[in-house]
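Enquirer: Everything below, folded, please.
(chains A and B)
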Amino acid sequence: MKKYVITTGSVTYAIKGRDLLRKHGYNVKIERIASGASSGCGYSIILNGELEEAESILRNAGIKILEINEKM
Amino acid sequence: MIYFDNAATTGKKPTEVIRAVDGALRELSANPGRSGHNASLKTADAVYSVREKTAEFFGASGAENVVFTLNCTHSINCVIKGVLKKGEHAVTSSLEHNSVMRPLIKEEIPFDTAYVSLADDSLTLREFERKIRPNTRLVICTGASNVLGKTLPIAEIGALCRERGVLFAVDAAQIAGVMPINMRQMNIDYLCVAPHKGLYAPMGIGVLICQKPIENTIIEGGTGTNSAELVQPEGLPERLESGTVNVPEIMGLSAGIDYVKGVGIKKIYSHEMKLIRYLYKELSKNDRVQLYTPEPKDGLYAPVLSFNVYGKTSAEVSQYLNDKGIAVRGGLHCATSAHRQIGTLDIGAVRVSVAAFNTPAEITSLIKAIKQIK
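Expert: So this is what the prediction gives:
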């Protein structure tokens, strides 16, 4: 299964997104990124699962996503 | 010491609050939202859970809308200076604290004042209806006077603001944790909270809950995110939370909310109002005492009562009571507007404010002490 790095605007949104996805049964955790996102430091949700539905859940909850990358 | 200055801060904190602060200092010592190690994330999780709890307690939507500030005054400043643009009009009430009045004056905001009736809320509501103009952007008012205890009809004013398309902010310093507040049901866009009062949290933390955006910031700086950009992030709560938040006190707030919910907000309020009415009735029988309101009724008053003794200043009476081991607050209570309304700008008033821990026996002691004033 693929892993994705979903970078959010803040630790608050990362925690909100993580909790939301966990409620939907996703295997997720939070990691801090020191660089990579265009705006610098931030927090990412590491998703182990299907991206399309997870992304939709996050966006519908108003969670601002800065970037999504596949984790190598 | 018998403590009746709970409108300034609740003088006794529940053991759970003290334990929570102590626990945070021991277990949550890493900075939340700044680093990626487990200790930082653990603190960030704990802080987030308090945002969720606070949002739920006040009927707000979204943990991210709960901003931790320095105090309630800071929250009010964030709203007034963040929402109003030059030339936009505001409406406030005749019972406001200086935390509302001074920013309005400093920012040279054109504003009108709605007179608050101490006996009839429909008159107060009509005043707000009359004062709202086509260019009114914000109505900002206290939930209850910190001098007289009089509550304002917040739900009705909120409905009026929604109908007129005006933003609505409430200074909830005297009602948060004392009386139920539901931001969604009451159409409150911004709620400013003093957790160290009715929520029994430590001093040094405030809360601002935003259901609408805040355009301008009054403090900018590090938020732990978007660091490559030299402009303040847009999203709440970080937009208004530059610098490290006060984690021990946030945990104290969490325990304070649990305490109020555990005992029951209605039960605490009912207890406090019984004490205030007992005091009111006894002081009414004392010819030397001047009272300024009708008998405080549930829902229409917060548990705060002010009085004076004829021939004495409020400072003299407060000092006399202090010498008897009773803490009350004399003076103007940072609320000149309210004192202007009751005509006590020259002598101030003696304020008694009770909390969950006060007892009828303590009120009896106060009544006896007042009777003995020569």
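
Enquirer: B:S75 and B:L208 touch, don't they?
Expert: Yes. Using CB atoms under 8 Å, B:S75 and B:L208 qualify as a contacting pair, with a distance of 3.7 Å. Where C-beta positions appear, they are placed from N, C-alpha and C, glycine not excepted.

Enquirer: can you list residues touching both of those two?
Expert: Here B:S75 and B:L208 have B:V67, B:T69, B:Y190, B:C192, B:V193 as joint contacts, going by CB atoms under 8 Å, 6 or more residues apart in numbering or on different chains.

Enquirer: Quick check: the gap between the last one and B:G206.
Expert: Same thing as B:V193. Using CB to CB, to the nearest Å, one obtains 7 Å as the distance from B:V193 to B:G206.

Enquirer: If you count surrounding residues, which of those two has more?
Expert: Ranked by neighbour count (other CB atoms under 10 Å in any protein chain shown), B:V193 and B:G206 place B:V193 first, with 32 against 25.

Enquirer: Run through the bridge partners of that one.
Expert: Each beta-bridge partner of B:V193 is listed here, defined by DSSP bridges: B:V207.

Enquirer: Identify the residues contacting stretch B:275-283?
Expert: Taking CB under 8 Å, 6+ apart as the criterion, the residues outside stretch B:275-283 that touch it are B:149, B:289, B:291, B:295-296, B:301, B:303-305, B:307, B:352, B:354, B:358-360, B:363, B:366-367, B:370.

Enquirer: run the last query once more with 6 Å
Expert: B:V289, B:E295, B:P296, B:P303, B:L305, B:F307, B:V354, B:N358, B:I363, B:I367 (CB atoms under 6 Å, 6 or more residues apart in numbering or on different chains).

Enquirer: between these, which is nearest chain A?
Expert: B:P303 (34.6 Å; CB to the nearest CB).

Enquirer: host element of the residue in the stretch 151-300 of chain B that chain A sits nearest to?
Expert: Of all residues in the stretch 151-300 of chain B, the one sitting closest to chain A is B:A228 (3.0 Å; CB to the nearest CB). With elements delineated by DSSP states H and E, B:A228 resides in a region that no helix or strand encompasses.

Enquirer: quick one: contacts of the helix or strand A:I46 falls within?
Expert: In this structure, A:I46 sits in strand A:42-48 according to DSSP H and E. By CB under 6 Å, 6+ apart, the surrounding residues in contact with strand A:42-48 are A:3-8, A:11, A:14, A:17-18, A:27-33, A:54, B:225.

Enquirer: Buried by neighbour count, from the residues you listed: which ones?
Expert: Listed as buried from these are A:4-8, A:11, A:14, A:17-18, A:28, A:30, A:32-33, A:54, B:225; burial here means 16 or more other CB atoms under 10 Å in any protein chain shown.

Enquirer: near chain B, which residues of chain A?
Expert: Applying the criterion CB under 6 Å from any CB of the partner chain, the portion of chain A that neighbours chain B consists of A:G9, A:S10, A:V11, A:T12, A:I15, A:R32, A:S39, A:G40, A:C41, A:G42, A:K64.

Enquirer: right, and the fifth one touches B:S49 too?
Expert: By that I understand A:I15. No. Counting by CB atoms under 6 Å, B:S49 is not a contact partner of A:I15; they are 8.8 Å apart.

Enquirer: With neighbour numbers in mind, choose between these two.
Expert: For the pair A:I15 and B:S49, the greater number of neighbours falls to A:I15 (26 against 16), based on other CB under 10 Å.

Enquirer: From A:Y43, how far off is the more buried one?
Expert: 8 Å.

Enquirer: Next, count neighbours for residue 64.
Expert: In the absence of a named chain, chain A is used. By the criterion of other CB under 10 Å, A:K64 has 16 neighbours.

Enquirer: please go with chain B instead
Expert: For B:E64, the neighbour count with other CB under 10 Å is 24.

Enquirer: one step back: can you list the strands that the strand holding A:I46 pairs with?
Expert: Strands that pair with strand A:42-48, judged by DSSP bridges, come out as strand A:3-8 (antiparallel), strand A:27-33 (antiparallel).

Enquirer: who touches the last one?
Expert: So that's strand A:27-33. By CB under 6 Å, 6+ apart, the list of residues contacting strand A:27-33 reads A:A14, A:R18, A:L21, A:G42, A:Y43, A:S44, A:I45, A:I46, A:L47, A:N48, B:G36.

Enquirer: and the gap between the second one and A:K2?
Expert: Between A:R18 and A:K2 the computed distance is 18 Å (CB to CB).

Enquirer: Among the strands paired with strand A:42-48, which comes closest to B:Y115?
Expert: Between B:Y115 and the strands paired with strand A:42-48, the shortest separation by CB to CB is 47.3 Å, and it involves strand A:3-8.

Enquirer: Distance from the chain centre to that closest one, please.
Expert: 4 Å (CA atoms, centre = their mean, to the nearest Å).

Enquirer: cool, stretch B:172-192 as well?
Expert: The gap between the average C-alpha position of stretch B:172-192 and the chain average comes to 9 Å, counting by CA atoms, centre = their mean.

Enquirer: how about that stretch: buried residues?
Expert: Within stretch B:172-192, the residues that count as buried by 16+ other CB under 10 Å are B:172-179, B:181, B:183, B:186-192.

Enquirer: Out of the residues you listed, which sit inside strands?
Expert: Judged by DSSP state E, the buried residues of stretch B:172-192 include B:Y190, B:L191, B:C192 as members of strands.

Enquirer: where does chain A dip in pLDDT?
Expert: A:34-40 (pLDDT under 70).

Enquirer: Please name the nearest non-neighbouring residue to B:K131.
Expert: Among residues not flanking B:K131 along the chain, B:D112 sits closest, at 4.2 Å (CB to CB, 6 or more residues apart in numbering or on different chains).
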